[in-house]
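[1] Below is the structure, and that's it, no one-letter string:
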């Protein structure tokens, strides 16, 4: 998979991971604990705005054009916990990628006109996401899960947050969060590790950084009650449904059983839907069931889009399916099939330098006990059927958070008995 894996941590706290592989391309990912949940007060929207700012050709014109002119690609993503910048290039030009990423650490002055332009772009992005029912319900679900907290707002912030965001708040957020000890740089490709690490060291010799203020690990209040949120959506003839449960953070070993459970639950639901009634089945294009774990939280959720008359039947099918998984052990054949699926998905992804760099950036940023993909895979492979049954039992003890997006204005909260 990789010829060698190199890891070091600089005196300023920056982690560096090099995945050495003989490929014509190199991907460098810089990921840091600077996601939207670290925003406070009037600073809502800072995390995502800075990501736009740092990937804009209007500001980093010279360095970004160097990358693009040689065929490179730049992407940025902001999540609740972190921000990530990923640059892919031919191996001959990876130095341009590294120079650009390191410059992100520098404190730059923002021109008001440029900030206004970035804000307008983000407002358009917010409106576009609201017009996409699947994206919109994913965002609404957080209101149900974490009411009254930063989580309850969109990851981007809403339009008013963006309009009211002040330059001083943006400066403050960057100073607090964009310090080397909050970041990891991972690189995958045909790279000389000594040269790569020395380039980074030389940059920080010229640009001295203090370590970030020690910030306590984020904690969130969980709502133990059954909650149903219904939002009107006039642009869709279908009902969009999201059912969510609280999961675990990435440092919790239960995450392996939780992910395996989500795959098995999806397979069971598909069969149950088809057998819902001997005369007909619930027609749906797709159903997503997934469990994910981040640095400070995790979720298990299901999403489905269907005709509104099938809403209550599906919720009941979901409830009964989850209960059935909590009462019996999964067969060896079922479990092995899901394990094989997860194993192959990860191996296939790691064949790509971009996904390998991205995967390892999360692994090392979150300071997990697991430090290689082999260890990660092994934790899935050794997971027992009893652990998955226990995971199902844990979710059955929770009251779900149900989010519904519909154009049916007379729809009332479904009558659900969730024992």
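    Structure received. These numbers were taken from a predicted model, which means no experiment stands behind them.
[2] hey, where'd the helices end up in the stretch 301-419 of the chain?
    Assigned by DSSP state H, counting those that start in this stretch, the stretch 301-419 of the chain shows helices spanning 311-327, 332-350, 353-365, 373-381, 385-396.
[3] Okay, residue 170 and residue 406: tell me how far apart.
    Counting by C-beta to C-beta, to the nearest Å, the gap from residue 170 to residue 406 is 37 Å. C-beta coordinates here come from the backbone N, C-alpha and C atoms, glycine included.
[4] I should have written residue 196 there, sorry.
    In this structure, residue 196 lies at 52 Å from residue 406, with C-beta to C-beta as the measure.
[5] And for residue 319?
    Going from residue 319 to residue 406 by C-beta to C-beta gives 20 Å.
[6] Please identify which of those two sits among more neighbours.
    Relative neighbour count places residue 406 above the other of residue 319 and residue 406, with 21 against 17, counting by other C-beta atoms under 10 Å.
[7] Now the more buried one. Nearest residue, chain neighbours left out?
    Closest residue in space to residue 406, ignoring its immediate chain neighbours: residue 239 at 4.4 Å, by C-beta to C-beta, 6 or more residues apart in numbering.
[8] With residue 5 instead?
    Closest residue to residue 5 apart from its sequence neighbours, by C-beta to C-beta, 6+ apart: residue 19 at 5.8 Å.
[9] quick one, what contacts the residue sitting nearest the centre point of the chain?
    Among the residues of the chain, the smallest C-alpha distance to the mean C-alpha position (C-alpha atoms, centre = their mean) belongs to residue 79, namely 5.5 Å. Each residue near residue 79 by C-beta atoms under 8 Å, 6 or more residues apart in numbering is listed here: 35, 36, 155, 294.
[10] Quick one: neighbours of the first one, just the number.
    Number of residues near residue 35 (other C-beta under 10 Å) recorded here: 26.
[11] ok, now the last one?
    Residues within reach of residue 294, counting by other C-beta under 10 Å, total 19.
[12] Phi first, then psi, for it.
    Main-chain torsions, residue 294, degrees, to the nearest 10: phi -110, psi -170.
[13] Run through the residues that contact it.
    Shown here is residue 294, whose contacts under the criterion C-beta under 8 Å, 6+ apart are 79, 80, 81, 82, 249, 250, 366.
[14] What strand or helix carries the residue nearest to residue 5?
    Taking DSSP states H and E as the criterion, the element that holds residue 19 is strand 15-20.
[15] Show me what that strand is packed against.
    In terms of contacts (3 or more C-beta pairs under 8 Å, 6 or more residues apart in numbering; DSSP states H and E), strand 15-20 is packed against strand 4-9, strand 183-189, helix 193-206, helix 353-365.
[16] Quick one: low-confidence residue ranges for this structure.
    Residues of the chain meeting the criterion pLDDT under 70: 59, 208-216, 276-286, 409-419.
[17] try it again with 80
    Judged against pLDDT under 80, the low-scoring parts of the chain cover residues 1, 57-61, 206-218, 234-237, 273-287, 367-370, 408-419.
[18] can you map out the strands along it?
    4-9, 15-20, 25-32, 73-78, 83-90, 183-189, 227-232, 239-246, 287-293, 298-306, 401-406 (DSSP state E).
[19] In JSON lines, list those strands along with distance to residue 40.
    Putting those into JSON lines (distance: least, C-beta to C-beta, whole Å) gives the following:
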{"stretch": "strand 4-9", "distance to residue 40": "28"}
{"stretch": "strand 15-20", "distance to residue 40": "25"}
{"stretch": "strand 25-32", "distance to residue 40": "17"}
{"stretch": "strand 73-78", "distance to residue 40": "16"}
{"stretch": "strand 83-90", "distance to residue 40": "16"}
{"stretch": "strand 183-189", "distance to residue 40": "20"}
{"stretch": "strand 227-232", "distance to residue 40": "25"}
{"stretch": "strand 239-246", "distance to residue 40": "23"}
{"stretch": "strand 287-293", "distance to residue 40": "24"}
{"stretch": "strand 298-306", "distance to residue 40": "23"}
{"stretch": "strand 401-406", "distance to residue 40": "24"}
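[20] who wins for proximity to residue 123 among these?
    Put simply, out of the strands of the chain the one that sits nearest residue 123 is strand 73-78, at 15.6 Å, with distance taken as C-beta to C-beta.
[21] Quote the end-to-end distance of stretch 37-54.
    The distance separating the two terminal residues of stretch 37-54, taken as C-alpha to C-alpha, to the nearest Å, comes to 19 Å.
[22] And stretch 295-312, what's buried?
    Neighbour-count burial for stretch 295-312 flags 295-306, 310-311 (criterion: 16 or more other C-beta atoms under 10 Å).
[23] Reformat the residues you listed as JSON lines; add distance to residue 330.
    Output for those, formatted as JSON lines (distance: C-beta to C-beta, whole Å):
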{"residue": "295", "distance to residue 330": "29"}
{"residue": "296", "distance to residue 330": "29"}
{"residue": "297", "distance to residue 330": "26"}
{"residue": "298", "distance to residue 330": "21"}
{"residue": "299", "distance to residue 330": "21"}
{"residue": "300", "distance to residue 330": "16"}
{"residue": "301", "distance to residue 330": "20"}
{"residue": "302", "distance to residue 330": "18"}
{"residue": "303", "distance to residue 330": "23"}
{"residue": "304", "distance to residue 330": "22"}
{"residue": "305", "distance to residue 330": "28"}
{"residue": "306", "distance to residue 330": "27"}
{"residue": "310", "distance to residue 330": "27"}
{"residue": "311", "distance to residue 330": "28"}
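[24] Farthest-apart pair in those residues, please.
    Of all pairs drawn from those, the one with the largest separation by C-beta to C-beta is 295 and 310; the distance is 36.6 Å.
[25] ok, back up a step: of all the strands of the chain, which lies closest to residue 176?
    Proximity of these to residue 176 was assessed by C-beta to C-beta; the nearest stretch is strand 25-32, lying at 11.4 Å.
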